[in-house]
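Colleague: Structure, please.
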Amino acid sequence: MPIPHLNGAFVAMLALSLIAPETTLAQSTSDLINDTKDPTTILTYGMGYGQTRHSGLRGINLDNIGRLRPEWTYSLSDTRGQETFPLIHDGKMYVTTHASTMALDLVTGRQIWKTLVDYSADTPRVACCGIVNRGVALYEGKVFRTTLDAHVIALDAETGNELWRTQSIDHKTGYSMTVAPMMADGVLITGISGGEYGIRGYLEGYDPDTGVRVWRNYTIPAPGEPGSETWQDGGDAWTRGGAPTWLTGSYDPELNTVFWGTGNPSSWNAATRPGDNLYASSIMAGINQTILMSLSMVVIATWIGAEGPGALILGAQHYVAKGQRLLGGWQFCSLR
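Modeller: I've put the predicted structure just below:
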């Protein structure tokens, strides 16, 4: 699981107090692609499709960082773990907990709206694996997030009102959702959690306007599919083989290709699942075909033994997995 420390997004937020907020309302495909070119916004998880978590802002440097002082503080009012990655647009900061979504005034920290996540009280008790949420996606005036009980929801960015809600799968079967969704070429892409609970991992694509699921692609192959020969138990271990997709991937707009890491195989006892257990603990690449509504998946590297280009991608994904948590709330600073 990610370790607690201040991440690049937080450093960028500190610098944002030195500049005026953006005033446009649209978050188009072009805006998302060019996210890293505009230091006044953070429109994508990871600060750009490349997941570099790097800001080009230079207002804070080694000479003046010692003069940073708190500007405002906002309590998330939640005792669970905090792993939200804040997005910034139109003078607002969007953050989440497992139980709520908030829009905050970027300058004052004032809460503009707060929308609670409606799920049954027993959900945290049965959900795997950490009662957290990793953030939202923005697109065309909507805020998208996932929920512990395996729903994907869309909110109005201005009011926080719920626009649609779609159930991905029954959370009582071991599945949950903590991933920050990703918008890529007009498709809302989400992953799944539950690797320790014997799930079969997958990625999904949704229509951002209606919430209709347009494709699902499993990370564990069924018998007869490429890679199925790596599940050598002779039984049904593949049906609960894990390979969750709980950390947001990256996207190459020029290739129209999504890169996404998968988690551990299941169960913990490897003796019950002999073989290499593809495609767990791998990085997968897929062509995001919005017209065909499908995702063609191929493994391009595995966590262990990757070489050449695969090793470079592996290193990038390993970096992405580090550092997403700030416990307790958000503190906004400025130079004084």
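
Colleague: tally of neighbours for residue 162?
Modeller: Each residue near residue 162 was counted by other C-beta atoms under 10 Å, and the total is 14. From N, CA and C alone the C-beta is placed, and that goes for glycine too.

Colleague: Now it, what are its backbone angles?
Modeller: phi -70, psi 130 (degrees, to the nearest 10).

Colleague: so how far is residue 156 from it?
Modeller: 8 Å (C-beta to C-beta, to the nearest Å).

Colleague: Then residue 87?
Modeller: 15 Å.

Colleague: ok, now residue 145?
Modeller: Here residue 145 is placed at a distance of 13 Å from residue 156 (C-beta to C-beta).

Colleague: So for those two, which sits in the more crowded spot?
Modeller: Neighbour count, other C-beta under 10 Å: between residue 145 and residue 156, residue 145 has more, with 27 against 15.

Colleague: Identify the residue spatially nearest to that one, adjacent ones excluded.
Modeller: Nearest non-adjacent residue to residue 145, counting by C-beta to C-beta, 6 or more residues apart in numbering: residue 136, 4.8 Å away.

Colleague: Now do that neighbour: how many residues are near it, please.
Modeller: Counted with other C-beta under 10 Å, residue 136 comes out at 27.

Colleague: For residue 146, see how far away it is.
Modeller: Distance of residue 136 to residue 146, given as C-beta to C-beta: 9 Å.

Colleague: which residues touch the residue nearest to residue 145?
Modeller: If you count contacts by C-beta atoms under 8 Å, 6 or more residues apart in numbering, residue 136 has them with 87, 94, 96, 101, 143, 144, 145, 180, 181.

Colleague: right, and the third one touches residue 133 too?
Modeller: Yes - contact between residue 96 and residue 133 holds when scored by C-beta atoms under 8 Å: they sit 4.4 Å apart.

Colleague: picking that back up, could you name every residue contacting both of residue 136 and residue 146?
Modeller: With C-beta under 8 Å, 6+ apart as the test, residue 136 and residue 146 both reach 180, 181.

Colleague: Please report how far the residue nearest to residue 145 lies from residue 46.
Modeller: Following C-beta to C-beta, the distance that separates residue 136 from residue 46 is 13 Å.

Colleague: And for residue 99?
Modeller: 24 Å.

Colleague: Can you get me the start-to-end distance on stretch 186-206?
Modeller: 9 Å (C-alpha to C-alpha, to the nearest Å).

Colleague: Next, the contact list for the residue nearest the centre of the chain, please.
Modeller: With distances taken as C-alpha atoms, centre = their mean, the residue of the chain nearest its centroid is residue 180 (2.6 Å). The contact partners of residue 180, taken as C-beta under 8 Å, 6+ apart, are 45, 85, 133, 134, 135, 136, 137, 145, 146, 248.

Colleague: That one - nearest residue in space that isn't next to it in sequence?
Modeller: Spatial nearest neighbour of residue 180, chain neighbours left out: residue 135 (3.7 Å); criterion: C-beta to C-beta, 6+ apart.

Colleague: which one of residue 99 and residue 46 has more residues nearby?
Modeller: Taking other C-beta under 10 Å, residue 99 and residue 46 do not tie; residue 46 has more neighbours (26 against 19).

Colleague: right, and the helix or strand after the strand or helix carrying residue 138?
Modeller: In this structure, residue 138 sits in strand 137-139 according to DSSP states H and E. Downstream of strand 137-139, the next assigned helix or strand under DSSP H and E is strand 142-146.

Colleague: and that following strand, what other elements does it pack with?
Modeller: Packing partners of strand 142-146 (3 or more C-beta pairs under 8 Å, 6 or more residues apart in numbering; DSSP states H and E): strand 100-105, strand 137-139, strand 151-156.

Colleague: hmm, try it at 10 Å
Modeller: Other elements packing on strand 142-146 under the criterion 3 or more C-beta pairs under 10 Å, 6 or more residues apart in numbering; DSSP states H and E are strand 92-96, strand 100-105, strand 137-139, strand 151-156, strand 162-167, strand 182-184, strand 187-190.

Colleague: what mean pLDDT does that strand have?
Modeller: What strand 142-146 shows for mean pLDDT is 98.

Colleague: That strand vs strand 100-105, what angle?
Modeller: 140 degrees (axes from the mean of the first three to the mean of the last three C-alpha atoms, to 10 degrees).

Colleague: looking at this, residue 88 is in a strand?
Modeller: Yes - assignment of residue 88 by DSSP: H, G, I helix; E, B strand; the rest coil places it within a strand.

Colleague: ok, now how distant is it from residue 252?
Modeller: Residue 88 sits 24 Å away from residue 252, going by C-beta to C-beta.

Colleague: the more surrounded of the two?
Modeller: Set residue 88 next to residue 252 and count neighbours by other C-beta under 10 Å: residue 88 wins out with 21 against 14.

Colleague: how about low-confidence regions in the stretch 151-300 of the chain?
Modeller: Across the stretch 151-300 of the chain, residues meeting the criterion (pLDDT under 70) sit at 287-300.

Colleague: for it, what spans make up the strands?
Modeller: Residue ranges of the strands in the stretch 151-300 of the chain, as given by DSSP state E, counting those that start in this stretch, are 151-156, 162-167, 182-184, 187-190, 202-206, 213-218, 250-252, 257-261, 282-289, 294-302.
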